[in-house]
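Participant: With the input below, show me the fold.
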Amino acid sequence: MTAASESRTDLPADRDPVLRMMPMPTDANFHGDVFGGWIMAQLDIAGAIPAYRRARGRVATVAVNAIQFRQPVFVGDLLSFYADVIRTGTTSITVEVEVYAQRQDGSIVKVTEATLTYVATDDSRQRRPLPPLESTAP
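Facilitator: A predicted model of the protein is given here:
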């Protein structure tokens, strides 16, 4: 995809971000480009939020299944992280994370997307089964 096709005029209207961050100069090289490792750390935090909610407790990252850096991230961009559970297993939770940057000029672009897998753990940090989904019926 081209940069133009990745441009947006607004953030996803039907979803709320699980995390918002603004990278600082210490998170970037001397050109002002934010380190991919810093973005990966924020992706892990953002993905852990819905995983923690689904597991109703402690989770640990077991895999970064995929990550794609679509556009550079700059110091001063306001990053919005959107994360959703896309699959569960007996103990595992797979989460998709999309990251949008609001540039200083007001433009919004999708900069990164990733899929991560977490595992529910007990107090001894051993795998544990996910609790059943809560019923929404009265």
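Participant: residue contacts, the residue lying closest to W38 once chain neighbours are set aside?
Facilitator: Residue nearest to W38 in three dimensions, not counting chain neighbours: D27, with 4.5 Å by Cβ to Cβ, 6 or more residues apart in numbering. Any C-beta I mention is one placed from the backbone N, CA and C, and that applies to glycine too. When contacts are counted by Cβ atoms under 8 Å, 6 or more residues apart in numbering, D27 is found next to V34, F35, W38, V75.
Participant: show me the contacts for the first one.
Facilitator: With Cβ under 8 Å, 6+ apart as the criterion, the residues that contact V34 are P23, D27, A28, P72, V73, F74, V75, D77.
Participant: which of these count as buried?
Facilitator: P23, D27, A28, V73, F74, V75, D77 (16 or more other Cβ atoms under 10 Å).
Participant: any idea how far the residue nearest to W38 lies from D84?
Facilitator: 25 Å (Cβ to Cβ, to the nearest Å).
Participant: Ok, L130 next?
Facilitator: To D84, L130 is 16 Å away according to Cβ to Cβ.
Participant: burial measure for D10, as a count.
Facilitator: 8 (other Cβ atoms under 10 Å).
Participant: Send over the helix ranked longest in the chain as PDB, restricted to the C-alpha atoms.
Facilitator: The longest helix of the chain (DSSP state H) is helix 36-55. Output of helix 36-55 as PDB, limited to C-alpha atoms (Å, rounded to 0.1, in the frame of the first residue of the first chain):
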ATOM      1  CA  GLY A  36      10.900  -0.100  16.500                       C
ATOM      2  CA  GLY A  37      11.700  -1.700  19.900                       C
ATOM      3  CA  TRP A  38       9.900   1.100  21.700                       C
ATOM      4  CA  ILE A  39       6.800   0.600  19.500                       C
ATOM      5  CA  MET A  40       7.000  -3.100  20.200                       C
ATOM      6  CA  ALA A  41       7.000  -2.600  23.900                       C
ATOM      7  CA  GLN A  42       3.900  -0.400  23.700                       C
ATOM      8  CA  LEU A  43       2.200  -3.000  21.400                       C
ATOM      9  CA  ASP A  44       2.800  -5.600  24.100                       C
ATOM     10  CA  ILE A  45       1.300  -3.500  26.700                       C
ATOM     11  CA  ALA A  46      -1.700  -2.600  24.500                       C
ATOM     12  CA  GLY A  47      -2.300  -6.300  23.600                       C
ATOM     13  CA  ALA A  48      -2.100  -7.400  27.200                       C
ATOM     14  CA  ILE A  49      -5.000  -5.200  28.200                       C
ATOM     15  CA  PRO A  50      -7.800  -7.100  26.400                       C
ATOM     16  CA  ALA A  51      -5.900 -10.400  27.100                       C
ATOM     17  CA  TYR A  52      -5.900  -9.600  30.800                       C
ATOM     18  CA  ARG A  53      -9.600  -8.800  30.700                       C
ATOM     19  CA  ARG A  54     -10.500 -12.000  28.900                       C
ATOM     20  CA  ALA A  55      -8.300 -14.100  31.200                       C
END
